[in-house]
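A.B. asks: Pasting a predicted model and its sequence here:
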Amino acid sequence: MVDDDPPELPDYDVVTLGPLEVSAIALSARDWKGGSDDANCYVAAVDRGYLLIAAHEPSELKLMKEYQGYWAMSEAATLPGVRAPVVYSIVNVDAAGGSVKDAARALVAEAGGVEPDVLCVKSETADVEALANSVKVAWELGACPGMVAVDDFDAARLEKFVEALSDTPGVHVAFNRVVYSLADRTAEKNGVLAACKRLGVGVVAASPLGEGSRVTNTTHGECDQALVRLLAFLGAMVGGGVQQSPLQVALNYVMSKGAVPEVETRLGTVAWECGGSMLWRLDENAVGILDERCEAVEKGETGDGGGPALA
């Protein structure tokens, strides 16, 4: 039997990361090998409205661009209003001696000649102005796309980087990829989120459920059990009559703070559930309740079922 029903257009929840318009949630392809589970997860994510895909290794970039090519030839890609998935690759420039050109070319060579849509630059040692100049050189030589991002820059480094690129209109800084979740709000407390907003740079939140998904993984030794119950309670209040899971509420908290959660999974069911957090937002009162819980635990006032998870 043949299914003749045309594919449906996803309910896109589009946000802006710098000049880049993408989905309010990102999918990480970390450790993907191209098996059936990975392919099914990709399809589920794209059908759910994911537009931003992270590749951490050259092999993952090659696979994601291969999937992107298959998608482009599908009937779904012809629908009016459809949006194409965007792939970003994270490259360690320090390993290439500080040269963005060399790092980008090595990435493309190892990925079989395919290029990322966004190059996310990771560097812990390079001088920021020198790094920005290296981006300019790479872009001028065609080795780097005009859309770039940075990985784990503090507020001062980010400001210098953006300023150093301000005289090159062909290069745009889309986002700063930082660790952020209910389990680790450092990026909010140290001013990184505020700096991104002020500079017009988006935020992609790595580990949006904390290490080991400890925010919602009740078997994790540092899971705050009381927080999980609070997330479940809020999920019953905000879903418009539909129960939202603790996982969905935890991700939506990150979105409500102006960041795009980067969800790491190889399961289509998980990608689909996480995607359900895109089409609504916690109100200020709900966000404030979660902030209060975090602050109490950070002070050691764990309460019933609390633990050191948010310390």
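C.D. replies: All right, it came through fine.
A.B. asks: Just grab the bridge partners of the closest residue to Gly202 other than its chain neighbours for me.
C.D. replies: Distance criterion CB to CB, 6 or more residues apart in numbering; nearest residue to Gly202, sequence neighbours excluded, is Leu17 at 2.7 Å. For every residue, glycine as well, the C-beta is placed using N, CA and C. Counting by DSSP bridges, Leu17 is bridged to Leu20.
A.B. asks: what's the neighbour count on Leu17?
C.D. replies: By other CB atoms under 10 Å, the residues close to Leu17 number 27.
A.B. asks: Check it and give its pLDDT.
C.D. replies: What the model reports for Leu17 is a pLDDT of 98.
A.B. asks: Surely it and Gly200 touch.
C.D. replies: No - Leu17 is not in contact with Gly200 according to CB atoms under 8 Å; the separation is 9.7 Å.
A.B. asks: Show me what the helix or strand harbouring Asp37 is packed up against.
C.D. replies: In the assignment (DSSP states H and E), Asp37 maps to helix 36-48. Contacts defined by 3 or more CB pairs under 8 Å, 6 or more residues apart in numbering; DSSP states H and E place helix 36-48 against strand 26-28, helix 58-72, helix 268-275.
A.B. asks: middle-most residue in this structure, spatially?
C.D. replies: The geometric centre of the chain, computed from its C-alpha atoms, lies nearest to Glu262 (CA atoms, centre = their mean), at 3.0 Å.
A.B. asks: Could you give the backbone dihedrals for that one?
C.D. replies: Main-chain torsions, Glu262, degrees, to the nearest 10: phi -100, psi 100.
A.B. asks: quick revisit: list the contacts for the residue nearest to Gly202?
C.D. replies: Listed by CB atoms under 8 Å, 6 or more residues apart in numbering, the contact partners of Leu17 are Ala149, Ala174, Phe175, Val201, Gly202, Val203, Val204, Val260.
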